[in-house]
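> I'd like to go over a predicted model; first the sequence, then the structure.
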Amino acid sequence: MHRNALRRLLHARRLTAPLAALALLAAGTGAVAQTAAAPAAGGKVKVGFMLPYTGTYAALGTAIENGFRMYVQQQGGKLGGRDVEYFKVDDESDPAKAPENATKLIRRDQVDVVVGTVHSGVQMGIVKVAKENNTLLIIPNAGVDEATGPLCGPNIFRSSFSNWQPGYAMGHVLAERGMKKVVTLTWKYAAGEQSVKGFKEAFEAKGGKVVKELSLPFPNVEFQALITEVASLKPDAVFVFFAGGGAVKFVKDWQAAGLKDKIPLYGSGFLTDGTLDAQGAAAQGLETTLHYADGLSNARDKSFRLDYAKTYKLQPDVYAVQGYDAAQLLAAGANAVKGDMTRKPDIIKAMEAAKVDSPRGAFTLSKAHNPVQDFYLRKVDGRENKVSSVAVKALADPARGCRL
Ligand code: PHB
C-alpha cells in the first residue's frame, strides 16, 4: 500500500501512537499483517462486500450482493445465530486500487469475511491482502486460476468457477462437433487469457487448432478492427470471453458487421448472462457453456428464481446464484461455530466439507476450495439461456500449483 494512503487509513481509525508507528513500520517492510486486530468473539457477523458498483461490471456486482443478501434474509437476517452487518467498497474493477480497498474492509471495518470480487486482476490484490491478514475470503465470481491454484490457501474459498473451467467445457463441445480451426478473441487480462487457455487445452487435445488469439485491453469496446480481422481469417468458429456491458456491445457489433449467420460465435456463458434484455435479437441462437442455465429442473432453482423475482423484480443470473452460494458457504462455516467467527479453523473445516444446495445443482469444493460442478451447454432463446445438455459433468479445475 502507498504510505500516504496508509497514513490516511490509520488517521481515520484513530490508532494509538505506538500502534500507528508500528503499522507504518510494517508498511515499510511489507509486513502489515502483524498489526491486524482480531475480530471480536461476540456481536454481529461482519461481511465486507468488495465488488464493482460502477463500470462495465457494475450490474454483476449488484447481482452478487442481491443473491447474498437474499440468502441471509431467508435465514431471518442471521448467520450462525448472529445478526449480519454489511460493509461495502466499490472496487471499480481497478486492480491498482485493490490492495487499499481490501485493507480498508479488513483493518478499518474489521470484517470477519471479505466477499469479493468480479474482476480477476482485482482479485489478485484481494487474495494477497487476505492471505497477509489471514482473513476469510469468499470469491463470488472472479475466475483467476491462481486463487485456487498456486495462491490457494486455507482461508481462500470460491463459490463461482475458475477461468479454466467454462473455456475447457466449450473446447470439448467444439472438438466433439468436428470443428478444426478456431480464432479466439478476448479482453487482454487473466479472465480472457485463462478462458482461452482452458478452451485450447480441451480443443487441441481432441485434434482442433486455435489458429489465432486476438485481444484488446480491458475494458475497451472498440471491436471493429478485430471483427474485421476475424472475418478475414475465415475460421470454422470463434470463441470469445466478454462479460457485462462489454458483452452487450460485442454481440451487437458482431451482428451489425453481418457475421451472425456467417461465422459461428461461441463463448463462455458470461457473453449472454444478465445481458439478454440489452442484446435482444443480436443474441438469439448463441451457444455458450456455463455452470448455470435457464430451465434447470431442480427444486432449489425453482424456489430461488421465484424468491429473487419477488424480492428484486428481476430475473436472476449466474452472478446472483454465485452471491447466493457465497452466503450458503459462509452459513455452513458460521453455523458450525454458532456465529463465533474467531474459531477460524473450525469455520474452514465446515466450509470445506459443505455440500452446497445451489440453484445450479448441488456442488462440493475441491481440495483447492473451487466448486466441482457440471457445465451446461446453453442456447439463447428469447430472454433465456436455455439448457441443452450437460457439456462436462462434475468438472474440477486441475488446481495446478496448489499445495493444500
Ligand atoms: C473475471 O475477471 O474473472 C471475470 C469477470 C466477469 C465475468 C467472468 C469472469 O463474467
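Yes, it's here.

> can we go C-alpha only for contacts and neighbour counts from here?
OK.

> part of a helix, is residue 270?
Yes. Counting by DSSP: H, G, I helix; E, B strand; the rest coil, residue 270 is located in a helix.

> Skip the chain neighbours and tell me the closest residue to it.
Excluding the flanking residues, the one nearest residue 270 by Cα to Cα, 6 or more residues apart in numbering is residue 243, at 5.0 Å.

> What is the burial count for the one you found?
Neighbour count for residue 243, taken as other Cα atoms under 10 Å: 26.

> same deal with the one 5 residues further on?
A count of nearby residues for residue 248, using other Cα under 10 Å, gives 25.

> what comes into contact with whichever strand or helix holds it?
Taking DSSP states H and E as the definition, one finds residue 248 inside helix 244-256. For helix 244-256, the external contacting residues (Cα atoms under 8 Å, 6 or more residues apart in numbering) are 56-60, 219-221, 223-224, 227, 242, 260, 270-272, 274-276, 278-279, 282-283.

> Just the ones in helices from the residues you listed, please.
58-60, 224, 227, 276, 278-279 (DSSP state H).

> Tabulate these (a markdown table), appending distance to residue 97, pLDDT and neighbour count.
What follows is the ones in helices among the contacts of helix 244-256, written out as a markdown table (distance: Cα to Cα, whole Å; pLDDT from 0 to 100; neighbours: other Cα atoms under 10 Å):
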| residue | distance to residue 97 | pLDDT | neighbour count |
| --- | --- | --- | --- |
| 58 | 16 | 97 | 19 |
| 59 | 20 | 97 | 17 |
| 60 | 19 | 98 | 27 |
| 224 | 30 | 98 | 12 |
| 227 | 32 | 98 | 17 |
| 276 | 31 | 98 | 22 |
| 278 | 30 | 98 | 16 |
| 279 | 31 | 98 | 19 |
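
> And those, which is closest to the ligand?
Using Cα to the nearest ligand atom, residue 60 comes nearest to the ligand of these, at 7.4 Å.

> What's the separation between the residue nearest to that closest one when sequence neighbours are not counted and the ligand?
Distances taken as Cα to Cα, 6+ apart place residue 319 nearest to residue 60, at 5.9 Å, with adjacent residues excluded. According to Cα to the nearest ligand atom, to the nearest Å, residue 319 stands 8 Å off from the ligand.

> helix or strand for residue 319, which one?
Residue 319 is located in helix 318-336, with elements delineated by DSSP H and E.

> Repeat that for residue 262.
Assigned by DSSP H and E, residue 262 belongs to neither a helix nor a strand.

> Just the strands from the stretch 251-400 of the chain, written as ranges.
265-268, 287-290, 364-365, 371-381, 384-395 (DSSP state E, counting those that start in this stretch).

> Then the stretch 1-150 of the chain?
Shown for the stretch 1-150 of the chain, the strands assigned by DSSP E, counting those that start in this stretch span residues 45-51, 78-79, 82-90, 113-115, 136-139.

> and residue 130, which of these is closest to it?
strand 136-139 (6.6 Å; Cα to Cα).

> Each with direction, which strands does that closest one pair with?
Strand pairing for strand 136-139, using DSSP bridges, gives strand 113-115 (parallel), strand 156-158 (parallel).

> Make a markdown table from those and add distance to the ligand and mean pLDDT to it.
A markdown table is the format used below for the strands paired with strand 136-139 (distance: least, Cα to the nearest ligand atom, whole Å; pLDDT from 0 to 100):
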| stretch | distance to the ligand | mean pLDDT |
| --- | --- | --- |
| strand 113-115 | 14 | 99 |
| strand 156-158 | 12 | 98 |
